[in-house]
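[1] Just the structure for this:
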Amino acid sequence: MNKENVHADLMIAKGIIYGDSHNPYMYNMAAYHSVQAIEKCLKELLVRTGNYEEENLKTHNVPELLIKLEREYDGFINAHPVISDNGHQYMMLNTIRYEDKLCPQSVAKGIYKQAQGIYNEVYSNIRLKQYDVQAEIS
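    Numbering: from 1, shown residues only. Here you go, the predicted structure:
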């Protein structure tokens, strides 16, 4: 889960949401890439714990990732209520790109904002020490 890969997902989503394309199927792709960014951020935090299995890095099960992170970081789920409340919806959005269902722009934008928030938390200094095992050691 490198930072550049997650950032690319966010830039794709942002370009679609705030761009001038009004193709409603594009919002599906924006939601999909935002969910991918959320998943990758959660997986990055899991990797930082050192307490994970390779299968954990291949899952798209956001609630399962949240539970694993809660075991490592007490209060993690409460600190991320929107992601926690929408974990199952995020999982369904992984398949929306293959269906004729549409994700409204407002929903895609909300997911993008959540992805942006967790990205900033994981990859910048916002709460970084809380989730950085190396920082706790030093």
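[2] Helices along this protein, start to end?
    3-18, 24-49, 62-72, 76-79, 81-85, 87-93, 105-123, 128-131, 133-137 (DSSP state H).
[3] of all those, which lies closest to E99?
    Closest approach to E99 among the helices of the chain (C-beta to C-beta): helix 24-49, 8.2 Å. Quick note: C-beta positions are derived from backbone N, CA and C, even for glycine.
[4] one step back: rebuild the helices of the chain as a markdown table, extending it with mean neighbour count and distance to E55.
    Below are the helices of the chain laid out as a markdown table (neighbours: other C-beta atoms under 10 Å; distance: least, C-beta to C-beta, whole Å):
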| stretch | mean neighbour count | distance to E55 |
| --- | --- | --- |
| helix 3-18 | 17 | 19 |
| helix 24-49 | 23 | 11 |
| helix 62-72 | 17 | 10 |
| helix 76-79 | 15 | 20 |
| helix 81-85 | 14 | 21 |
| helix 87-93 | 18 | 16 |
| helix 105-123 | 19 | 21 |
| helix 128-131 | 14 | 21 |
| helix 133-137 | 9 | 21 |
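[5] Contact partners for the most centrally placed residue in the chain?
    By C-alpha atoms, centre = their mean, the chain has its centre lying nearest to I38, at 0.4 Å. Residues near I38 by C-beta atoms under 8 Å, 6 or more residues apart in numbering: 62, 83, 90, 111, 114-115, 118.
[6] quick one: which of those is nearest I12?
    The closest of the contacts of I38, once distances to I12 are taken by C-beta to C-beta, is A115, at 10.9 Å.
[7] From S34, how far out is that closest one?
    4 Å (C-beta to C-beta, to the nearest Å).
[8] which residues do these two both contact?
    Joint contacts of A115 and S34 (C-beta under 8 Å, 6+ apart) are 9-10, 13.
[9] how about those residues in JSON lines, adding pLDDT and distance to E70?
    Formatted as JSON lines, these follow (pLDDT from 0 to 100; distance: C-beta to C-beta, whole Å):
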{"residue": "D9", "pLDDT": "96", "distance to E70": "24"}
{"residue": "L10", "pLDDT": "97", "distance to E70": "24"}
{"residue": "A13", "pLDDT": "96", "distance to E70": "26"}
